[in-house]
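J.: Predicted model and sequence below, questions to follow.
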Amino acid sequence: MTQELDIVQLSVIIAFAALSVSQVMAMVRLVIGPSVGDRILSLDTMVVNAIGLIVLLGISQGTQIYFEVAMIIAMLGFVSTVALARFVLRGDIIE
């Protein structure tokens, strides 16, 4: 039983590291992105990575509140990405 827990903890640590590296890479693309589309895509990627980090935090601590927080951030991230894309394409969010 303890070996299974060690494998789960090790996999969570590896996933934390992978998502952290991915978050940093998306942040670099946000800073040096040549176009606005690249920056919007990197912001969306950063939201997805943040959701993954929050879910991993919930798994590692064994609480369920982080999953609800991840759902709220997912909804806000989707709405903000759509609003930003509409603003870039049309210059106006509300028609």
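T.: Nice, I can see it.

J.: for the host helix or strand of F67, which positions count as buried?
T.: F67 belongs to helix 65-90 when assigned by DSSP states H and E. Buried residues in helix 65-90, counting neighbours by 16 or more other Cβ atoms under 10 Å, are found at Y66, A70, G77, L84, A85. C-beta here means a position set from N, CA and C on the backbone, and glycine is covered the same way.

J.: Could you count how many residues lie near the closest residue to Q23 other than its chain neighbours?
T.: With Cβ to Cβ, 6 or more residues apart in numbering as the criterion, Q23 has its nearest non-adjacent residue at 4.4 Å, and that residue is N49. Residues lying near N49 (other Cβ atoms under 10 Å) number 20.

J.: N49 and L89, how far apart?
T.: Between N49 and L89 the computed distance is 25 Å (Cβ to Cβ, to the nearest Å).

J.: Show me what the helix holding F67 is packed against.
T.: Contact here means 3 or more Cβ pairs under 8 Å, 6 or more residues apart in numbering; DSSP states H and E; on that basis helix 65-90 packs against helix 36-61.

J.: hmm, back to that, between the buried residues of helix 65-90, which is nearest R29?
T.: L84 (15.4 Å; Cβ to Cβ).

J.: In this structure that closest one contacts S42, no?
T.: No - judged on Cβ atoms under 8 Å, L84 makes no contact with S42 at a distance of 11.7 Å.

J.: OK, contacts around the residue nearest to Q23?
T.: Taking Cβ atoms under 8 Å, 6 or more residues apart in numbering as the criterion, N49 is in contact with L19, S22, Q23, A26.

J.: ok so, going back, pick out the lowest-pLDDT one from the buried residues of helix 65-90.
T.: Among those, A85 carries the weakest pLDDT, at 83.

J.: so what's it closest to, chain neighbours aside?
T.: I40 (5.9 Å).

J.: measure the one you found to V31 for me?
T.: 14 Å.

J.: so who does the residue lying closest to D44 once chain neighbours are set aside touch?
T.: Leaving aside its chain neighbours, D44 sits nearest to T81 (4.8 Å; criterion: Cβ to Cβ, 6+ apart). Counting by Cβ under 8 Å, 6+ apart, T81 touches I40, L43, D44, V47.
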